[in-house]
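Student: okay, here's the prediction I keep looking at, along with the sequence it came from:
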Amino acid sequence: MPKVIIRKDENFDNAFRRFNRKVQRAGILSDIKKNRYFEKPSDKKRRELNATLRKLKRNQRYNR
């Protein structure tokens with residue numbers, strides 16, 4: 001869990017922004033959203049395969 005120590009003469013808003021940045025970089029929110037609902041293994045495999053195919057198509061498009 002990311003921690004933020006409030007500095008001397010620092011207001012709450014700045015500390016809260018630093019905390020949000022640390023949480024985003026750690027990937028905590030995206031992990032929570034991803035695991036919010038159960039996903040069948042076959043659906044997960046299909047989603048990952050589609051993501052890989054999209055990346056390959058995008059890379060081929062830009063590498064021409």
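Tutor: In hand now; what should we look at?

Student: could you pull out the helices for this structure?
Tutor: Secondary structure of the chain (DSSP state H): helices at 12-26, 28-34, 41-62.

Student: which among the ones you listed is found nearest to V4?
Tutor: helix 12-26 (4.4 Å; Cβ to Cβ). The way it works is simple: take the backbone N, C-alpha and C, and place the C-beta from them, glycine included.

Student: the closest one: which residues count as buried?
Tutor: R18 (16 or more other Cβ atoms under 10 Å).

Student: might you calculate how far that helix sits from the centre of the chain?
Tutor: Put simply, helix 12-26 sits 14 Å off its chain's centre (Cα atoms, centre = their mean, to the nearest Å).

Student: got a list of contacts for that helix?
Tutor: Residues outside helix 12-26 that contact it (Cβ atoms under 8 Å, 6 or more residues apart in numbering) are 2, 4, 6-7, 29.

Student: got the CA coordinates for that helix in CSV?
Tutor: What follows is helix 12-26, C-alpha atoms only, in CSV (Å, rounded to 0.1, in the frame of the first residue of the first chain):
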residue,chain,number,x,y,z
PHE,A,12,-4.0,18.3,2.1
ASP,A,13,-4.7,18.7,-1.7
ASN,A,14,-1.0,18.3,-2.7
ALA,A,15,-0.5,15.3,-0.4
PHE,A,16,-3.7,13.7,-1.8
ARG,A,17,-2.4,14.3,-5.4
ARG,A,18,0.9,12.6,-4.5
PHE,A,19,-1.0,9.7,-3.0
ASN,A,20,-3.2,9.3,-6.1
ARG,A,21,-0.1,9.3,-8.3
LYS,A,22,1.5,6.6,-6.2
VAL,A,23,-1.7,4.5,-6.3
GLN,A,24,-2.0,4.8,-10.1
ARG,A,25,1.7,3.9,-10.7
ALA,A,26,1.3,0.8,-8.4
